[in-house]
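> Fold the following for me, if possible:
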Amino acid sequence: MYARVVRWEGGDAAAIRESVQRIRGEAQSGPPEGVPSTGFTFLVDPDGGRVIAISLFATEEDLRAGDAKLNEMSPPVSMGTRSAVETYEVGFDIRL
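A predicted model of the protein is given here:
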């Protein structure tokens, strides 16, 4: 499994909360078209103006395809400035 981790900083608290609610609603039908993700996790600190978005992918090929497609999309300006995009191999993922 692989992960794409994106960080935003300097966002407005109310705008972050609104964006997260909108994205959550859109994600109920699955990932965006062309993004072969197996899951998404958003970590938010609205009062600190920070957001971390983690997208999970089954294979490195899926990660590359998803990364390319996500990079084509305009990031939500309301969440602040995108400060980093990183990729990782997932050592383990435990959900209880």
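> Isn't residue 37 up against residue 55?
Yes: counting by C-beta atoms under 8 Å, residue 37 touches residue 55, with 4.8 Å between them. Using the backbone N, CA and C atoms, a C-beta is placed for each residue, glycine as well.
> Which residues are in contact with each of those two?
Overlap of the contact sets of residue 37 and residue 55 (by C-beta atoms under 8 Å, 6 or more residues apart in numbering) consists of 31, 66.
> and the helix or strand of the chain at the bottom of the mean pLDDT ranking, which residues are buried?
Sorting the helices and strands of the chain by mean pLDDT, DSSP states H and E puts helix 13-27 at the bottom, at a mean of 89. Buried residues in helix 13-27, counted by 16 or more other C-beta atoms under 10 Å: 15, 16, 19, 20.
> The first one touches residue 51, doesn't it?
No: assessed by C-beta under 8 Å, residue 15 is found out of contact with residue 51, at 10.4 Å.
> hey, what's in contact with both of those two?
Residues touching both residue 15 and residue 51 (C-beta under 8 Å, 6+ apart): residue 79.
> picking up where we left off before, heading C-terminal from the least confident helix or strand of the chain, find the next helix or strand.
Next along the chain after helix 13-27, taking DSSP states H and E as the criterion, comes strand 37-45.
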